[in-house]
Structures are given as structure tokens and as C-alpha cells.
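Asker: got a sequence here, can you build the structure:
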Amino acid sequence: MIEKLSEIRKRIDEIDNQILKLIAERNSLAKEVAKVKKELGIPINDPDREKYIYNRIRKLCKEHNVNEDVGIKIFQILIEHNKYLQKKYLKETQK
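Answerer: Take a look at the predicted model:
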């Protein structure tokens, strides 16, 4: 039984690593998004895009049997952090 638990935990560790790699990849796109928004004169905050994302996440949560509240909370954090990174990039490029 201990071996089985170890195997399961190892797989969880692998999944955690994949999740963090994907978050890092998502975050790295913030700079590119900020550049394009700056060129187009679009503000960082985009309520329509956020609404689209949250609706999409709700649908995906249902498809993958993930608690919707948990999915939304995770993406709220990701979106807020992404906006922070965009603002940080714009501030750094204004100097």
C-alpha cells in the first residue's frame, strides 16, 4: 500500500510541475499582450475578455468535472496576476 501511495504522490508531483510550467508560459505572454494593447491604445483591463474567460472556464469545469467555484477562483488569480505583469511591463517601458 505504501508503494501505491508513493506512486500516486509521484504522479501528483509530475502534474504539479506541468501546471506550473503552463502558468509560467501563460505569464510570459503578458508582455506580448501588453505590447499589442499599447500599440492599439487598448487599456489593460478588458471586462469583455474577462467575461468571456469566466464563461469559458465555467463550461470547461462542467466538461472536466471540476468544481466551478474552484476553477473561477484559480482563474481570478491568474487574470489578476497577468494584469499586474502587463502593468509592470508598461511601467518599465515608459522609463
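
Asker: ok, longest helix in the protein?
Answerer: helix 2-40 (DSSP state H).

Asker: and that helix, what other elements does it pack with?
Answerer: Where contact means 3 or more CB pairs under 8 Å, 6 or more residues apart in numbering; DSSP states H and E, helix 2-40 is packed against helix 68-93. Placement of C-beta: from N, CA and C, glycine included.

Asker: give the buried residues for the longest helix of the chain.
Answerer: The neighbour-count check on helix 2-40 (16 or more other CB atoms under 10 Å) flags Ala30, Lys31, Val33, Ala34 as buried.

Asker: and if you look at stretch 65-73?
Answerer: Within stretch 65-73, the residues scored as buried using 16+ other CB under 10 Å are Gly71.

Asker: need the residues that contact it.
Answerer: For stretch 65-73, the surrounding residues in contact (CB atoms under 8 Å, 6 or more residues apart in numbering) are Tyr54, Ile57, Arg58, Leu60, Cys61, Lys62.

Asker: how far does the helix or strand that the longest helix of the chain is followed by sit from its chain's centre?
Answerer: As assigned by DSSP states H and E, the chain's next helix or strand after helix 2-40 is helix 47-64. With CA atoms, centre = their mean, to the nearest Å as the basis, helix 47-64 stands 12 Å off its chain's centre.

Asker: next: stretch 2-14.
Answerer: The answer for stretch 2-14 is 26 Å, by CA atoms, centre = their mean.

Asker: stretch 9-16 now?
Answerer: Chain-centre distance of stretch 9-16: 19 Å, with CA atoms, centre = their mean.

Asker: again with stretch 22-37
Answerer: With CA atoms, centre = their mean, you get 10 Å for stretch 22-37.
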